[in-house]
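*Asks:* need a structure here:
(2 chains, ligands or ions: 2)
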Amino acid sequence: MKEIALEAHNLTVSYHRKPVLWNIDFKIPAGEIIGIMGPNGAGKSTLLKSIMGLVPASSGYVRIFNQNLKTQRKKIAYVPQRQSVDWDFPARVIDVVKMGRYTHTGLFRRFKPMDYEKAKSALEKVGMLAFAERQIAQLSGGQQQRVFLARALAQEAELYILDEPFAGVDAATEEALIKIIRDLKSQGKTMVVVHHDLQTCREYFSHLVFINARLVASGPTQEVFTEKNLASTYGGKLTLLSKMAELVAEKEFPVREKGSSEFKKSS
Amino acid sequence: MSFFEALFQNPSVQWVVLGTVGLAVLGSSVGTFNFLQKRSLIGDAVSHALLPGICLAFILKGNKDPLALLVGAFISGWIALLVIDLIQSKSKTKSDTAIAIVLSGFFGLGIVFLTLIQSSENANQAGLDAFLFGNAASIQKADLLNIAMFGSFILLSLFLGFRAFKALCFDKDFIAAGGFRVKLIQFWLSSITVLTICLGVQALGVVLMAALLITPAVAARAWTNKLGNLIFLSSGIGIISGFVGAWISYESPSMPTGPWVVLTASAIVLVSLVFSPKRGVVPRYFRQKANQKKIQSENILKALFHLEENSETASTGYSLKDLLSMRAFQRDQLVGALKALVRKNLLLEEDGTYSLSSLGRQKAGKVVRNHRLWELYLTQYVGMEADHVHEDAEAMEHLITPELEKELSKVLNHPEYDPHQRQIPGKHD
Ligand SMILES: Nc1ncnc2c1ncn2[C@@H]1O[C@H](COP(=O)(O)OP(=O)(O)O)[C@@H](O)[C@H]1O
Ligand SMILES: [Mg+2]
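*Replies:* Ligands and ions are numbered 1, 2, ... in the order given. Purely as a prediction, here's the structure:
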């Protein structure tokens, strides 16, 4: 089998003790474009945040290129959902893209000419070089998304994790973005993309991960893009699961009993 | 002696002015980051929460040693911050509620301590209540030294941490994902915030120090879009406010400094929110007025265009009544607007009838073209019914720029007819 870029092992994630992801367990091969699909509120963003260590896992773990996340941070570029930041912030486009260089320069060292060059060439790749000096408050939704992708490009990572890059962007931007994503793939990078459009997902992704609070299916697109998987991902809310989650929060039960995971491994 | 003479001759006036201005610079520059982080209320809570720490430090030390009070205040402020975070993360309490609880709880405790101290008739306690309202006139050389020393540390922190703080305020998740210690950066920013408030609270008082953290930043934000400029401008507004406050309270000694500092800053906010070109209310009013005028004159041109389109024979002109039959114009407004259009050579007038000049016809054609292109776009691409698109196009026709018009025409494959089978005027290139 191919090298594994990302592995989630029995991942359970909770907010205020209420689990929103249950036992997520999948592996993602390197050098592919992988789609993460699921309805609104399925926990896709939470999954990405948990992969990046932004929200702690109640149980389970994540491994990147078969290593601990800590040692691999420089190799991952994370593109949060566009709406997660305030675009009225006083900054220029180039300032945002330069943040992508921080993993190389650190927060205190001066930028070298090379860092500027890389930020600029990232902007050029997304077709936004002419906007470098613009205030980000003046950008359209599609342009904001391009800037976010440029920031990730400036990071020069191996694994790219994008949260809904196609949400609310114009057709031209979607086309430009998917082209860049394919280019990166052809350079051997691994692209993980949260997506919600069932129409295009077979065309975009070679692998799919379906989640809806729990893992529905993961694997090569032609194997897992089935009527049945779609139905259990999108077909109605999982009332029992969400009832259980509320119960866990209400009764202040732990989501895992101590020692149970070690037990499972040996059994 | 006038204020300016005193400023050059009297050292105690110099201390007061330097101290107030220095505090204003610190408050406004540190405050800019709190403002950008949308943590404006935190400053308010922290400054109220200093009181119990100050009182305890006084009780333990037995006198008003500035450094001891500063340490007490700092610890108390930090505990308040931690409690706010704790309440938020451990219970589902919203942040504004958590802040309100801590603010009033700590302040209440402080008032209890203060009353205890005052009833113990300690000879040294005089002036401890300055922490409530501030007493800038009491700034001594030792206070100034503290402000200078800790102030340089704060400004240096801001300078060195600029990139980190900027990234923290804009996109915390992103730098956390990059492996940076977000908690440490936040701790650092919070610490210099608490320190700034501690430094200022004796001279300016609890409430006013908190205001100084936010008000200049809000005013500055109305004028600039660059973070660097924002900090400098906000500091500048802080300096002016500090200076004016010190001046007024020198001229009439019964006037307190702190409130005047903040009143000045608030006045600047007011002026900024009213007049700043991008965000001001007045410029926006004029922009809207101009838009309305544009919409109205375009509607008149369009009405004449339609009249021409509908009539079989070439007519010499149309009366006011014809125009009113096309659209519910307001009669007196219409008359004025028609005159303006004639002045601009867009219309020709003859015996009270109006017709389009060739320039006017060109302009009207563009509006009608925008309207019909947009209708077509809505039916073909958005999937709206042909009888539902008119209203929307009525508004959009005035807004569509020439670039957008080109793009529309291109995606629609340079159409000749709109969904109602009316010809789309203008070039078909
Ligand atoms: N910070 C948070 N605190 C509490 N609940 C949250 C938080 N973020 C998300 N949730 C909840 O977790 C669930 C999953 O959210 P999310 O991961 O954003 O879903 P998706 O990205 O698939 O739309 C939702 O029910 C949402 O309400
Ligand atoms: Mg999401």
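
*Asks:* where's residue 24, which helix or strand?
*Replies:* Picking chain A for this. Assigned by DSSP states H and E, A:I24 falls within strand A:18-29.

*Asks:* switch to chain B, please.
*Replies:* helix B:11-36.

*Asks:* and B:S234, how far is that from chain A?
*Replies:* Separation of B:S234 from chain A (C-beta to the nearest C-beta, to the nearest Å): 11 Å. Where you see a C-beta, it was placed from the backbone N, CA and C, and this is true even at glycine.

*Asks:* circling back: does ligand 1 sit close to the strand holding A:I24?
*Replies:* Yes. On the criterion C-beta under 6 Å from any ligand atom, strand A:18-29 is in touch with ligand 1 at A:V20.

*Asks:* quick check: longest helix of chain B.
*Replies:* helix B:281-310 (DSSP state H).

*Asks:* which strands and helices sit next to it?
*Replies:* helix B:257-275, helix B:320-326, helix B:331-343, strand B:347-350, strand B:353-356, helix B:358-377 (3 or more C-beta pairs under 8 Å, 6 or more residues apart in numbering or on different chains; DSSP states H and E).

*Asks:* burial of the closest residue to B:R331 other than its chain neighbours, as a residue count?
*Replies:* Spatial nearest neighbour of B:R331, excluding adjacent residues (C-beta to C-beta, 6 or more residues apart in numbering or on different chains): B:L324 at 7.0 Å. Neighbour count for B:L324, taken as other C-beta atoms under 10 Å in any protein chain shown: 14.

*Asks:* pretty sure B:L324 sits against B:D332.
*Replies:* No. Look at B:L324 against B:D332 with C-beta atoms under 8 Å: they stay out of range, at 11.8 Å.

*Asks:* which strands or helices does the host helix or strand of B:S234 pack on?
*Replies:* Per DSSP H and E: B:S234 is located in helix B:227-251. The contact analysis (3+ C-beta pairs under 8 Å, 6+ apart) places helix B:227-251 against helix B:3-9, helix B:11-36, helix B:206-221, helix B:257-275.

*Asks:* I'd guess A:V13 is in a strand, am I close?
*Replies:* Yes. Residue state for A:V13 (DSSP: H, G, I helix; E, B strand; the rest coil) corresponds to a strand.

*Asks:* tell me how many other residues surround it.
*Replies:* When neighbours are counted by other C-beta under 10 Å, A:V13 registers 21.

*Asks:* likewise B:Q118?
*Replies:* Number of residues near B:Q118 (other C-beta under 10 Å) recorded here: 13.

*Asks:* what does the pLDDT read for it?
*Replies:* We note a pLDDT of 81 for B:Q118 in this prediction.

*Asks:* repeat for the one 10 residues further on
*Replies:* At B:L128 the predicted local confidence, pLDDT, stands at 71.

*Asks:* show me what the lengthiest helix in chain A is packed up against.
*Replies:* Assignment by DSSP H gives helix A:171-186 as the longest helix of chain A. Judged by 3+ C-beta pairs under 8 Å, 6+ apart, helix A:171-186 is in contact with strand A:33-37, helix A:141-154, strand A:159-162, strand A:190-195.

*Asks:* dump the ones you listed into a markdown table; add distance to B:A203 and mean pLDDT as well.
*Replies:* As requested, the helices and strands packed on helix A:171-186 are exported to a markdown table (distance: least, C-beta to C-beta, whole Å; pLDDT from 0 to 100):
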| stretch | distance to B:A203 | mean pLDDT |
| --- | --- | --- |
| strand A:33-37 | 55 | 96 |
| helix A:141-154 | 43 | 95 |
| strand A:159-162 | 50 | 96 |
| strand A:190-195 | 52 | 96 |
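
*Asks:* quick one: name the residues of the stretch 51-200 of chain A near chain B.
*Replies:* Listed as neighbours of chain B in the stretch 51-200 of chain A under the rule C-beta under 8 Å from any C-beta of the partner chain: A:52-54, A:70, A:73-74, A:76, A:78, A:80, A:84-86, A:89-92, A:95-96, A:99, A:102-103, A:107-108, A:135, A:137, A:151, A:155.

*Asks:* list the contacts for B:I231?
*Replies:* If you count contacts by C-beta atoms under 8 Å, 6 or more residues apart in numbering or on different chains, B:I231 has them with B:29, B:32, B:158.

*Asks:* ok, these vs chain A, which is closest?
*Replies:* B:T32 (9.5 Å; C-beta to the nearest C-beta).

*Asks:* roughly how far apart are the closest residue to that closest one other than its chain neighbours and A:G188?
*Replies:* If you skip the residues right next to it in sequence, B:T32 has B:A217 as its closest partner in space, 4.4 Å away by C-beta to C-beta, 6+ apart. As for B:A217, its distance to A:G188 is 46 Å (criterion: C-beta to C-beta, to the nearest Å).

*Asks:* coming back round to it: what residues sit buried inside the helix holding B:S234?
*Replies:* Buried residues in helix B:227-251, counted by 16 or more other C-beta atoms under 10 Å in any protein chain shown: B:227, B:230-250.

*Asks:* what of stretch B:337-350?
*Replies:* Quick answer for stretch B:337-350 (16+ other C-beta under 10 Å): B:337-338, B:341, B:346-348.

*Asks:* for that stretch, give the mean pLDDT please.
*Replies:* On average, the pLDDT along stretch B:337-350 is 90.

*Asks:* what's the answer for stretch A:123-132, then?
*Replies:* Mean predicted confidence for stretch A:123-132 is 94.

*Asks:* in that stretch, what's buried?
*Replies:* A:123, A:125-126, A:128, A:131-132.

*Asks:* same check, this time on stretch B:142-154
*Replies:* Neighbour-count burial for stretch B:142-154 flags B:143-144, B:146-147, B:150-151, B:154 (criterion: 16+ other C-beta under 10 Å).

*Asks:* ok so, going back, show me the buried residues of stretch A:123-132 that map onto strands.
*Replies:* Among those, DSSP state E puts none in strands.

*Asks:* out of those residues, which is nearest to ligand 1?
*Replies:* Ranked by distance to ligand 1 (C-beta to the nearest ligand atom), these are led by A:V126 at 23.3 Å.

*Asks:* sorry, back to before: now tabulate the buried residues of stretch B:142-154 in CSV and tack on secondary structure, distance to B:Q9 and pLDDT.
*Replies:* Listed next are the buried residues of stretch B:142-154 as CSV, based on DSSP: H, G, I helix; E, B strand; the rest coil; distance: C-beta to C-beta, whole Å; pLDDT from 0 to 100:
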residue, secondary structure, distance to B:Q9, pLDDT
B:D143, helix, 20, 86
B:L144, helix, 17, 90
B:N146, helix, 24, 89
B:I147, helix, 22, 92
B:F150, helix, 28, 95
B:G151, helix, 25, 95
B:I154, helix, 30, 96
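
*Asks:* now, which of those lie close to chain A?
*Replies:* Taking C-beta under 8 Å from any C-beta as the test, chain A is in contact with none of the buried residues of stretch B:142-154.

*Asks:* for ligand 1, state which of those residues is nearest.
*Replies:* Checking the buried residues of stretch B:142-154 one by one against ligand 1 (C-beta to the nearest ligand atom), the nearest turns out to be B:I154, at 31.9 Å.

*Asks:* let me see the contact set for the closest one.
*Replies:* B:I154 touches B:26, B:30, B:192, B:195-196, counting by C-beta under 8 Å, 6+ apart.
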